[in-house]
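Peer 1: just need the structure, nothing else, for what follows:
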Amino acid sequence: MAAASRGESPGAAGALLAAIGAVGFSGKAILIKLAYFYPVDAVTLLALRMLMSLPFFLFMALLSGRNPGYSLERGDWGAILGLGFLGYYLASYLDFLGLQYISAGLERLILFLYPTMVLAISALVLKLPVTRRHVAALGLSYGGIMLVFADNVRLAGDVAGTALGSLLVFGSALSYAVYLVWGGQVITRLGSVRFTAYAMTVASVLCIIQFAFTHPWSALVLPAPVYGYGFLMAVLSTVLPVWATSEGIRRIGASRAALVGAIGPVSTLFLANLFLDEPITAPQLAGAGLVLVGVLLLSLKAGTPPARS
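Peer 2: Residues are numbered from 1 along each chain as shown. Take a look at the predicted model:
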């Protein structure tokens, strides 16, 4: 109603929100790579991000808990714990580790493969049929990734490091895909914003516990720019895109939001070039195009939510 009173299209507002979410999530890789210029490891940086995000998600959980709707049952709490571990803690941890070895552009493209993993898991576990469209989408997506991977190996000259980083980020995408398949019904019952607030709170606590068991608290004494990057990760690449993506899906639906979300990997390539001096090459653009076409063939048909943190 507010958008209508200002003469704005609800569809346009939803698309803008979905775009903000996609670019915000994509910017996380840039901030992580910038922070890695300083003496900080993945566990410490992830804990810093979650420490700064936790107050926002606690506030979101408090607000969403006041709204009338589905009441949490004992089984829901178990699902929230398990899904928070898979979808946000483990996926984030593997992603942070992988970015120590590969470029931000390759990282975002690998993460963008998660709809293909949802398809594979659904076919294996739920026995859903695989069509020729699906096979073509898989071929395009993974062919594009191999093209970008080969170009990254050529530029970095490090086959082992690029392979390790790619496998870690692939594991991150796979963890998120399992989260989506497992959590679909729970998310539908509780609402995406409410569930995300609870699951991100769980993930934040797990990240802080991991840090507490593996590092002294003095490890949080870091160069000032790292705190700045951590805060930007928490606000611009975690809290804001989570809210914007959820609101965008509510306004225009998951399929249209997935289409808008395709700008995420492309924006990462250009942001990485601008802030990290990562080159943009013809093989990268061609590979990114293949991945985007392949994933969108799946996402637009199935209504898969856009990529996340």
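Peer 1: starting at the chain centroid, how far to stretch 105-112?
Peer 2: Distance of stretch 105-112 from its chain centroid, counting by Cα atoms, centre = their mean, to the nearest Å, is 10 Å.
Peer 1: for that stretch, output the C-alpha coordinates as CSV.
Peer 2: The C-alpha trace of stretch 105-112 is given here as CSV (Å, rounded to 0.1, in the frame of the first residue of the first chain):
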residue,chain,number,x,y,z
GLY,A,105,34.2,-14.7,-8.8
LEU,A,106,34.7,-18.4,-8.9
GLU,A,107,33.4,-18.7,-5.3
ARG,A,108,30.1,-17.0,-6.2
LEU,A,109,29.6,-19.1,-9.3
ILE,A,110,30.1,-22.3,-7.4
LEU,A,111,27.7,-21.2,-4.7
PHE,A,112,25.2,-20.4,-7.5
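Peer 1: the helices in the stretch 101-250 of the chain, which residues?
Peer 2: With DSSP state H, counting those that start in this stretch as the criterion, the stretch 101-250 of the chain has helices at 104-111, 114-125, 132-156, 159-190, 192-214, 224-234, 240-261.
Peer 1: of those, which approaches Tyr36 most closely?
Peer 2: helix 224-234 (9.4 Å; Cβ to Cβ). Backbone N, C-alpha and C define where each C-beta goes, glycine included.
Peer 1: Ser64 is nearest to which of the helices of the stretch 101-250 of the chain?
Peer 2: For Ser64, the closest of the helices of the stretch 101-250 of the chain is helix 192-214, at 3.8 Å, according to Cβ to Cβ.
Peer 1: most tightly surrounded among the helices of the stretch 101-250 of the chain?
Peer 2: helix 104-111 (a mean of 28; mean count of other Cβ atoms under 10 Å).
Peer 1: how far off helix 159-190 does that helix point, in degrees?
Peer 2: Helix 104-111 runs at 50 degrees relative to helix 159-190, counting by axes from the mean of the first three to the mean of the last three Cα atoms, to 10 degrees.
Peer 1: I'd like the mean pLDDT over helix 104-111, please.
Peer 2: Averaging pLDDT along helix 104-111 yields 94.
Peer 1: next, the angle helix 224-234 makes with the helix or strand hosting Ile32.
Peer 2: Counting by DSSP states H and E, the element that carries Ile32 is helix 10-35. Counting by the same axes, to 10 degrees, helix 10-35 lies at 150 degrees to helix 224-234.
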